[in-house]
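Student: sharing a model prediction with you, sequence too.
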Amino acid sequence: MARSSRESAVKARPASGGNGKALRNGKSAADARKDLLERAGRNRDGASQWRSDPLEDAQAARRIADLAQAHAPGLARRGLITAYNEAARLLADEIEDHLQALPAAAVTARGRSSEQAELLADAAATAQTARESVQRVTRAADGRRAAHAFGIGQPFSARQPQHVLRALRLILDAAKAHPEVASDAGFIPDDLQTMRDLAADVEKLPGAGAPLTDEAQALVAAQGALRAYFDLVAAKATLALAGDPEERARLLSLVPRADERRHLRRSADEIPAA
């Protein structure tokens with residue numbers, strides 16, 4: 001049976017063998033995991049997301065952590081202590097847990113009537129189109145926080161009514177707070193009224209009021225933390241292994257490539273179902 005939404009979103013696995021005990025340099029794997037999650041949060045504040053496979057990221061994280069551990073002294077001198085490698089392994093485990101629990105959302109989706117499914121699809125497509133328009137006019141550095149206010153960088157599943165409802169509400173609230181961005185994106189009063197009407201209808205759907213601390217959101221958070229770990233490893237290995245270009249290339253080759261989604265256009269049909 002899938003774990004409860006709240007547990008999956010906030011509860012981390014204990015560190016293997018250490019149960020969160022402090023590792024070398026006084027920082028525990030739990031501390032490192034918290035730091036990685038905070039880094040991921042700052043990336044989301046900058047409206048940054050990635051298109052990459054979470055399972056591939058999890059598998060790559062274990063390989064990277066093992067190789068990074070083999071170069072622990074040099075990387076630790078640059079600030080990447082062993083606690084981060086352990087935290088990466090924990091996050092990889094969490095990602096696999098979340099992926100196993102996600103099919104429960106698909107079961108819920110199959111229980112909707114055709115009218116409810118059509119309404120949700122219409123609302124999701126409307127929200128996604130608005131988000132894409134905002135992305136196109138907030139690419140400058142000073143537009144990132146405005147983009148985040150419109151929901152860019154937040155987890156979004158077209159099959160989960162609570163995600164769609166939140167997306168519509170964020171767009172409507174941000175349009176008031178950032179009218180210049182809404183104008184640049186091409187929003188007109190009719191668009192905003194349509195989103196208000198859709199939000200009111202989606203709010204009546206079963207599950208729309210469910211808490212957002214669900215598996216999909218927890219998965220995005222854990223994957224974002226792993227991407228932050230990959231960035232740290234790549235940055236520090238570039239310097240720590242400068243004298244061994246072959247080994248540096250070997251480590252960097254393990255980092256899975258991901259497309260920056262803030263500047264990419266995706267249709268509503270391409271939104272991954274959760």
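Tutor: On my side now, so go ahead.
Student: residues touching the residue nearest to Ala208 when sequence neighbours are not counted, list them.
Tutor: Sequence neighbours aside, Pro161 is the residue nearest to Ala208 in space, at 4.0 Å (criterion: Cβ to Cβ, 6 or more residues apart in numbering). (Glycine included, C-beta is placed from N, CA and C.) The contact partners of Pro161, by Cβ atoms under 8 Å, 6 or more residues apart in numbering, come to Leu120, Val202, Leu205, Pro206, Gly207, Ala208, Ala210.
Student: buried residues in the longest helix that the chain contains?
Tutor: Once the chain is assigned using DSSP state H, the helix that runs over the most residues is helix 215-240. Within helix 215-240, the residues scored as buried using 16 or more other Cβ atoms under 10 Å are 215-230, 232-233, 236-237, 240.
Student: helix or strand next in line after it, which one?
Tutor: helix 245-253 (DSSP states H and E).
Student: report the separation between Ala141 and Ala147.
Tutor: Going from Ala141 to Ala147 by Cβ to Cβ, to the nearest Å gives 11 Å.
Student: so the strand or helix carrying Asp97 versus helix 215-240, what angle?
Tutor: In this assignment (DSSP H and E), Asp97 forms part of helix 82-101. Angle, helix 82-101 to helix 215-240, by axes from the mean of the first three to the mean of the last three Cα atoms, to 10 degrees: 150 degrees.
Student: quick one: average pLDDT of helix 82-101?
Tutor: Average pLDDT, helix 82-101: 93.
Student: buried set for it?
Tutor: For helix 82-101, by 16+ other Cβ under 10 Å, it's 82-98, 101.
Student: mind listing what the residue positioned nearest the centre of the chain touches?
Tutor: Nearest to the mean C-alpha position of the chain, by Cα atoms, centre = their mean, lies Val220 at 3.1 Å. By Cβ under 8 Å, 6+ apart, the contact list for Val220 reads Pro155.
Student: distance of it from Gln100?
Tutor: For Val220 relative to Gln100 (Cβ to Cβ), the value is 16 Å.
Student: one more: Gln128?
Tutor: When distance is defined by Cβ to Cβ, Gln128 is 27 Å away from Gln100.
Student: pull out the buried residues from stretch 194-214.
Tutor: Thr194, Met195, Leu198, Ala199, Asp201, Val202, Leu205, Gly207, Ala208, Asp214.
Student: which element follows the lowest-mean-pLDDT helix or strand in the chain toward the C-terminus?
Tutor: Sorting the helices and strands of the chain by mean pLDDT, DSSP states H and E puts helix 5-10 at the bottom, at a mean of 40. Next along the chain after helix 5-10, taking DSSP H and E as the criterion, comes helix 29-45.
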